[in-house]
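A.B. asks: Please find the sequence and the predicted model below.
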Amino acid sequence: MKDVFFEARIAGVKLKNKIIRSATHEGLADADGNPTDALLGKYEALAKGGAGAIITGYAAIMQNGKSPLANMLMIDTDERILYYKKLVDRVHRYNTPIFLQITHCGRQTFSRVTGRPTVAPSSIKDRLYNEDIPRELNESEIYEIVENFASAVERADKAGFDGVQLQLSHGYLLSAFLSPHMNKRKDKWGGTTENRFRIVKEIMERAREKVGDFPIIAKINGYEKSKDGLKPDEAVLIARYLEKSGCDAIEVSCGIAEEGFMALRGDFPFDMIAKHNHLMKRVPRLLHPMVKPILQYYFASPEPRHLYNVASAMKIKKNVSMPVIVVGGIRNLADIKHIIRNEQSDFVSMAKPFIIEPDIVKRLMEGKQPESRCIDCNYCQIGIEKSPLKCYYGKI
Ligand SMILES: Cc1cc2nc3c(=O)[nH]c(=O)nc-3n(C[C@H](O)[C@H](O)[C@H](O)COP(=O)(O)O)c2cc1C
């Protein structure tokens, strides 16, 4: 059924409608990485507000994969299962399915935060997270990461989640393995697409041994900006490999952190960056007017600002039979209807619209408004470096 507000399924999981809350880091884990009551409240609001399904903010599978953003979720030990159970139960009260997004941040973090060396497929410095040069992972470390991802999937299953989402997007560790820009390895983990995909294949195999047909979905990049980054044809190939490995659905995004506002687009939030960003702390205030155009040149959003992953989602959809979810600059009901009715994607997902209005789906469904009130100021993205997620609506 092609209607936006009819229920639909992903790997047997019943979604209330075809609008999903895409993974959004809330910065509301406790100091140890467990979900807090405040986070439970946020998810309750999303579930009450009509989201078809919720994908959590990213949770790290091990300590050296932790993000530098404040209060990230962790899913690295069995003791955490109890905390996550409470979160799942709260959301399930509203018959809303919830998927745990799991990740390893790879080179997009700092060793001063993780207390461990920063690691990546290849030893290439990140333009943004540039305090450390990441160390190239050796084979036994790669297998340890595979095992930790599989254990995280098993924990999500035990906690009652409806599924997990592997984060293969935005430049984090698995995304870095897939990307020719970040993976320059000469061994069986680099080179051809098949080799760069190997770590994901190993994770899928090991996870399936542990959890059988528990739903596993993935978020990938449909393309990257850098010359040697992932391109659409290769993303299609990766989607096909994912399906072959037993992946249940694929969410299509784009871009890596050092490319700036690629994955989430809109205004370049210079004032917010000047106030909060760790790199700007090193720049005297007097120099800000000179720094602004340089930063804008490298990091401002390219055009278009809306619907910028629909073309890659369509391309992927033509080549796989698993459900496809498209994310990125989706802001109004007319566009959502067009995407779903024309089978450009099976589902849509949004992140920023749910920050300003957790009940955006209900509002769209009840005809209270035709579109999100989000103005894409992107202050939320900078704010989460230090504080819990909130909508700033363009004001510091
Ligand atoms: C504050 C904030 C936090 C985010 N956290 C995550 C995350 O934890 N995992 C992830 O895959 N994407 C994350 N994203 C990216 C979104 O899921 C989404 O791909 C992107 O914002 C584009 O969708 P939108 O235009 O609907 O916001 C985040 C985005 C924002 C604005």
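C.D. replies: Arrived safely.
A.B. asks: show me the contacts for Thr109.
C.D. replies: Shown in contact with Thr109 (CB atoms under 8 Å, 6 or more residues apart in numbering): Asn64, Gly65, Lys66, Ser67, Pro68, Thr118, Tyr129. From N, CA and C alone the C-beta is placed, and that goes for glycine too.
A.B. asks: go on, Val283?
C.D. replies: Contact criterion CB under 8 Å, 6+ apart gives Val291 as the residues in contact with Val283.
A.B. asks: and the closest residue to Gly190 other than its chain neighbours, what element?
C.D. replies: Counting by CB to CB, 6 or more residues apart in numbering, Gly190 lies nearest to Asn183, which is 4.9 Å off, once chain neighbours are set aside. Here Asn183, judged by DSSP states H and E, is contained in no helix and no strand.
A.B. asks: Could you report the separation of Asn183 from Lys225?
C.D. replies: Per CB to CB, to the nearest Å, Asn183 is found 16 Å from Lys225.
A.B. asks: Which one of the two is surrounded by more residues?
C.D. replies: Asn183 (20 against 15; other CB atoms under 10 Å).
A.B. asks: Tell me the buried residues in stretch 144-153?
C.D. replies: Ile145, Val146, Glu147, Asn148, Phe149, Ala150, Ser151, Ala152, Val153 (16 or more other CB atoms under 10 Å).
A.B. asks: what's in contact with that stretch?
C.D. replies: Counting contacts by CB under 8 Å, 6+ apart, the residues outside stretch 144-153 that touch it are 59, 61-62, 65, 75-76, 102, 104, 137, 164, 166, 173, 199, 202-203, 206-207, 209-211, 214, 216.
A.B. asks: how about low-confidence regions in this protein?
C.D. replies: For the chain, the stretches with pLDDT under 70 are 1-2.
A.B. asks: residues near Glu7, how many?
C.D. replies: 13.
A.B. asks: surely it meets Asn17?
C.D. replies: Yes - applying CB atoms under 8 Å, one finds Glu7 in contact with Asn17, separated by 6.7 Å.
A.B. asks: Show me what residue of the stretch 151-300 of the chain gets nearest to the ligand.
C.D. replies: Leu264 (3.4 Å; CB to the nearest ligand atom).
A.B. asks: what number of residues lie near the nearest residue to that residue once chain neighbours are set aside?
C.D. replies: Nearest residue to Leu264 in three dimensions, chain neighbours excluded: Gln381, at 6.1 Å (CB to CB, 6+ apart). Look at Gln381: counted by other CB under 10 Å, it has 23 neighbours.
A.B. asks: ok so, going back, tell me who's in contact with the residue nearest to Gly190.
C.D. replies: Per CB under 8 Å, 6+ apart, neighbours of Asn183: Pro121, Ser122, Ala176, Phe177, Trp189, Gly190, Arg196.
A.B. asks: Please confirm that the third one is located within a helix.
C.D. replies: Put plainly, it is Ala176. Yes - assessed by DSSP: H, G, I helix; E, B strand; the rest coil, Ala176 belongs to a helix.
A.B. asks: interface residues of the stretch 201-350 of the chain facing the ligand?
C.D. replies: Lys219, Ser253, Ala263, Leu264, Val327, Gly328, Gly329, Ile330, Met350 (CB under 6 Å from any ligand atom).
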